[in-house]
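> Give me a model of this one.
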Amino acid sequence: MKQVSLSPDFSISQVVHGQMRINDWHLSSEQLLGQMKTIAEMGIDTFDNADIYGNYTCESLVGDALALDPAFRNEIKIITKCGICIQSDKFPERQIQFYDYSYDYIVGQVEKSLQNLRTDRIDLLLLHRPSYLLDPVEVARAFDKLHAEGKVLHFGVSNFYAHDFSMLQSYCSVPLITNQIEVSPYCLEHMENGNLSYLLEKRIRPMAYSPLAWGKLVHPDCEKSHRVVAELDRVAREIGVDGIDKVIFAWIAQHPAGIVPINGSGNLDRIRRSIEALNIRLSAEQWQRILVASRGVSVAIKKVDTER
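Sure thing, here's the model as predicted:
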C-alpha cells in the first residue's frame with residue numbers, strides 16, 4: 001500500500017486502523033500484537049487511538065501489546081487524541097462531559113498517553129473536539145513544549161470546522177497537518193459546510209472516521225439509510241463488486257481532498273476489503289447518484305442561457 005503525505009516529513013498509510021473498540025474484542029496482549037502485525041503486513045502501518053477510548057483503557061491495551069515486542073513500535077505510527085473529559089467511574093467527581101485544552105491538561109494527558117502506550121513519542125496528536133473555552137495561546141504553548149521535547153512529532157485536530165482550524169493555526173508555530181472528521185455516504189456534513197473545500201484550499205489531507213456511519217450502512221434503520229444502501233447496492237452490481245463496503249470506501253477515497261478512511265473493524269477480512277476498495281474507481285455519475293441518495297433530492301444545476 002502506498003503512503004500518503006500529511007507533511008513534508010510525515011506520511012501515513014492510505015487506510016488507518018481505528019482502535020476505538022479494542023477493549024470490546026477481549027484480546028490478550030499477544031493476540032492484539034498479532035492482530036496489529038497482521039494489519040501492518042497488509043500495508044496499514046498507522047493506528048488511531050485516543051485517551052478516552054474504552055473508558056481510558058485502549059491506550060494501555062496497545063501499550064501492553066507493544067511491550068511484548070518493543071522493536072515493532074518503530075514499524076508503525078501512533079495517533080492519539082486529548083481534550084475530552086468524559087464521565088467515568090475513574091473520575092466520579094465529573095457531573096457532565098466537558099473539554100479541557102489548558103496548557104497543564106494537554107501536557108499532562110500527553111504524559112499519561114506516553115506512559116499508557118509505553119512509548120517515548122506520539123507520532124500525531126489531535127485535539128479531539130473544538131471548545132468555546134479553547135485558549136489558542138495555551139494550546140500553542142503546550143504544542144511548542146511537547147514538540148521541542150520530542151514527545152509529540154506532529155499535531156492536528158479532529159471534528160474542527162474551518163474557522164476553528166484557521167484560528168488555531170494562526171496561533172501555532174507548528175503546522176496542523178490534518179483534521180479527522182466524520183465522512184460517509186450517509187454523513188455529508190463536512191462536504192456541505194465548506195470544511196473539505198477549506199482543507200483542499202490549504203492542501204491539508206483529512207482523515208475520515210465512521211465510514212459505515214456507525215453501522216447505519218450495515219444495518220439500515222431509517223428511510224435515509226435504506227435509500228443510501230439501495231443505491232450503493234445498485235452501484236456495486238454495476239461495477240461487479242461483492243459488497244457495498246467496498247463501494248463506500250471507494251466513494252470516500254475518490255473525493256479530491258484525498259480523504260484517508262479509518263477502518264475500526266477487528267475483522268481482518270473487512271480490513272482487507274477496505275484496502276482492495278482503493279483500486280475501485282466509480283464513474284462521476286455513480287458517485288453523484290450515491291450523493292443524491294443521501295440528500296434525498298437531486299443537486300441543483302445552474303440554468304444555462306442557451307440563447308447566448
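> How about residues contacting stretch 261-278?
1, 14-22, 25, 35, 38-39, 42-44, 48, 180, 183, 207-211, 243, 245-250, 252-253 (C-beta atoms under 8 Å, 6 or more residues apart in numbering). Any C-beta I mention is one placed from the backbone N, CA and C, and that applies to glycine too.
> now these: which count as buried?
14-20, 22, 35, 39, 42, 44, 48, 180, 183, 207-211, 245-250, 252-253 (16 or more other C-beta atoms under 10 Å).
> one step back: of the contacts of stretch 261-278, which belong to strands?
Judged by DSSP state E, these include 16, 17, 18, 48, 180, 207, 208, 209 as members of strands.
> what bridges to the second one?
Beta-bridge pairing for residue 17 (DSSP bridges): residue 47, residue 263.
> Tell me how far it lies from residue 155.
21 Å (C-beta to C-beta, to the nearest Å).
> go on, the last one?
Between residue 209 and residue 155 the distance, using C-beta to C-beta, works out to 18 Å.
> And for the first one?
Using C-beta to C-beta, we find residue 16 at a distance of 17 Å from residue 155.
> quick one: terminal-to-terminal distance for stretch 40-52?
With C-alpha to C-alpha, to the nearest Å applied, stretch 40-52 spans 24 Å between its terminal residues.
> Residue 129 and residue 85 touch, don't they?
No. With contact defined as C-beta atoms under 8 Å, residue 129 does not reach residue 85; the gap is 10.9 Å.
> which residues does residue 243 contact?
236, 273.
> Just the buried residues of whichever strand or helix holds residue 109, please?
Using DSSP states H and E, residue 109 maps to helix 103-117. For helix 103-117, the neighbour count (16+ other C-beta under 10 Å) marks 103, 105, 106, 107, 109, 110, 113, 114, 116, 117 as buried.
> any idea which helix or strand comes after that helix?
Following helix 103-117 in sequence, per DSSP H and E, is strand 124-127.
> so what strands line up beside that next one?
Strand 124-127 is paired, per DSSP bridges, with strand 77-82 (parallel), strand 155-158 (parallel).
> can you give me the strands in the stretch 51-200 of the chain?
77-82, 84-85, 98-99, 124-127, 155-158, 176-182 (DSSP state E, counting those that start in this stretch).
> Pick the most buried one from the ones you listed.
Of all these, strand 124-127 has the most neighbours on average by mean count of other C-beta atoms under 10 Å, namely a mean of 26.
> who's in contact with that one?
Contacts of strand 124-127 (C-beta under 8 Å, 6+ apart): 6, 10, 12, 50, 77-83, 101, 110, 134, 139, 146, 152-158, 160, 168, 177-178, 180.
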